[in-house]
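J.: here is a sequence with its predicted model. Questions after.
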Amino acid sequence: MSTLGSQGANPRGFIYFDVACIITGILLVPFFYGLRRWRTDNRLLNICLYVIIGIGFVACFGIVMQAIYRADFWPEHFYYSAIHWVGDALLLMVAPIALLLHKKFYRPIIIVGLIATGFNLYYILTWGHDAWIEWITAITTLLFAALIGANMVKKEIK
């Protein structure tokens, strides 16, 4: 995906990709903040939620900054990209703990989260060697977030 945001590799379209990444990072901030609605009397769940929210904010920062420092600006792009992808991996590892403790969480959603976690860890461990994994990781991670949001609306989690 980084080549889409590179002026050198994508001279006529890089700005669209980079702006889309900035918008995505900004729009994910209210999503993560909204996760506080999952709080219950369960202390472990609440701690996990606040960890998810904090890591989420850091990952959002990484998304925005990796677009500002596009792939043409190495090593800054690599640094912010690492913040984003490692943040995503941590989120995906903590989210199942918190959400599975909630009685209104629709359990099959966790399958998408586990798939996203696997792709994310593979992507990190291979230093992004396989470009298609980056796409699958981003798609499954955003799908997981969308399913959590849909779960919140359907189960009226307030």
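T.: Great, that's in hand. Numbers count the residues shown, from 1 in each chain.
J.: what about dumping the CA coordinates of stretch 29-46 to PDB?
T.: Output in PDB follows, covering the C-alpha atoms of stretch 29-46 (Å, rounded to 0.1, in the frame of the first residue of the first chain):
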ATOM      1  CA  VAL A  29     -10.400   8.400  16.800                       C
ATOM      2  CA  PRO A  30     -14.100   8.700  17.600                       C
ATOM      3  CA  PHE A  31     -14.500   5.000  17.000                       C
ATOM      4  CA  PHE A  32     -11.900   4.200  19.600                       C
ATOM      5  CA  TYR A  33     -13.300   6.800  22.000                       C
ATOM      6  CA  GLY A  34     -16.700   5.300  21.500                       C
ATOM      7  CA  LEU A  35     -15.500   1.900  22.700                       C
ATOM      8  CA  ARG A  36     -15.800   3.200  26.300                       C
ATOM      9  CA  ARG A  37     -19.500   2.400  25.900                       C
ATOM     10  CA  TRP A  38     -18.600  -1.300  26.300                       C
ATOM     11  CA  ARG A  39     -17.800  -0.700  30.000                       C
ATOM     12  CA  THR A  40     -19.500  -2.900  32.600                       C
ATOM     13  CA  ASP A  41     -18.900  -3.800  36.300                       C
ATOM     14  CA  ASN A  42     -16.100  -6.200  35.200                       C
ATOM     15  CA  ARG A  43     -12.800  -4.600  36.100                       C
ATOM     16  CA  LEU A  44     -10.700  -6.700  33.700                       C
ATOM     17  CA  LEU A  45     -13.000  -5.800  30.800                       C
ATOM     18  CA  ASN A  46     -12.800  -2.100  31.700                       C
END
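J.: list the buried residues of that stretch.
T.: Buried residues in stretch 29-46, defined by neighbour count with 16 or more other CB atoms under 10 Å: 31-32, 35, 38, 45-46. To be clear about C-beta, it is placed using only N, CA and C from the backbone, and glycine gets the same treatment.
J.: what do you get for stretch 7-21?
T.: Residues of stretch 7-21 classed as buried by neighbour count (16+ other CB under 10 Å): 10, 14, 17-18, 21.
J.: same question, stretch 137-148
T.: For stretch 137-148, a neighbour-count test (16+ other CB under 10 Å) marks 137-138, 140-141, 144-145, 147-148 as buried.
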